[in-house]
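give me a model of this one.
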Amino acid sequence: MGENYRLIHYYRELREKSQSKVNFAAGIDFWSRA
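Below you'll find the predicted structure:
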């Protein structure tokens with residue numbers, strides 16, 4: 001249980017980090033074109 005939960009939490013954190021990176025890049029692209 002604990003090991004599986006930690007794995008899920010790790011992947012969720014990783015996905016959120018990459019998602020914020022994508023959003024950050026999109027924001028820069030948006031402002032540079034505005």
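
in the protein, which spans are helices?
2-33 (DSSP state H).

now it, which segments are flagged as low pLDDT?
Applying pLDDT under 70 to the chain picks out residues 1.

neighbours of Val22, how many?
Val22 has 10 neighbouring residues, counting by other CB atoms under 10 Å. To be clear about C-beta, it is placed using only N, CA and C from the backbone, and glycine gets the same treatment.

ok, it - contacts?
Shown in contact with Val22 (CB atoms under 8 Å, 6 or more residues apart in numbering): no residues.

mind checking how far it is from Ile28?
11 Å (CB to CB, to the nearest Å).

again, but for Tyr5
Applying CB to CB, the value for Tyr5 to Ile28 is 35 Å.

cool, Leu14 as well?
From Leu14 to Ile28 the distance is 22 Å (CB to CB).

ok, Glu3 next?
Per CB to CB, Glu3 is found 38 Å from Ile28.

and these two? Which one has more around it.
Per other CB under 10 Å, whichever of Glu3 and Ile28 has more neighbours is Ile28, with 10 against 7.

and the more buried one, what does it touch?
Contact analysis of Ile28 by CB under 8 Å, 6+ apart lists nothing.

run the chain-centre distance for stretch 20-34.
14 Å (CA atoms, centre = their mean, to the nearest Å).

okay, that stretch in PDB with CA atoms only?
Written as PDB, here are the backbone C-alpha positions of stretch 20-34 (Å, rounded to 0.1, in the frame of the first residue of the first chain):
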ATOM      1  CA  SER A  20       3.400  24.100 -14.900                       C
ATOM      2  CA  LYS A  21       6.500  24.200 -17.100                       C
ATOM      3  CA  VAL A  22       4.300  23.900 -20.200                       C
ATOM      4  CA  ASN A  23       2.000  26.700 -18.900                       C
ATOM      5  CA  PHE A  24       5.000  28.900 -18.100                       C
ATOM      6  CA  ALA A  25       6.400  28.400 -21.600                       C
ATOM      7  CA  ALA A  26       3.000  29.100 -23.100                       C
ATOM      8  CA  GLY A  27       2.700  32.300 -21.000                       C
ATOM      9  CA  ILE A  28       6.100  33.500 -22.300                       C
ATOM     10  CA  ASP A  29       5.000  32.800 -25.900                       C
ATOM     11  CA  PHE A  30       1.800  34.600 -25.300                       C
ATOM     12  CA  TRP A  31       3.400  37.700 -23.900                       C
ATOM     13  CA  SER A  32       6.200  37.800 -26.500                       C
ATOM     14  CA  ARG A  33       3.500  37.800 -29.300                       C
ATOM     15  CA  ALA A  34       1.200  40.300 -27.500                       C
END
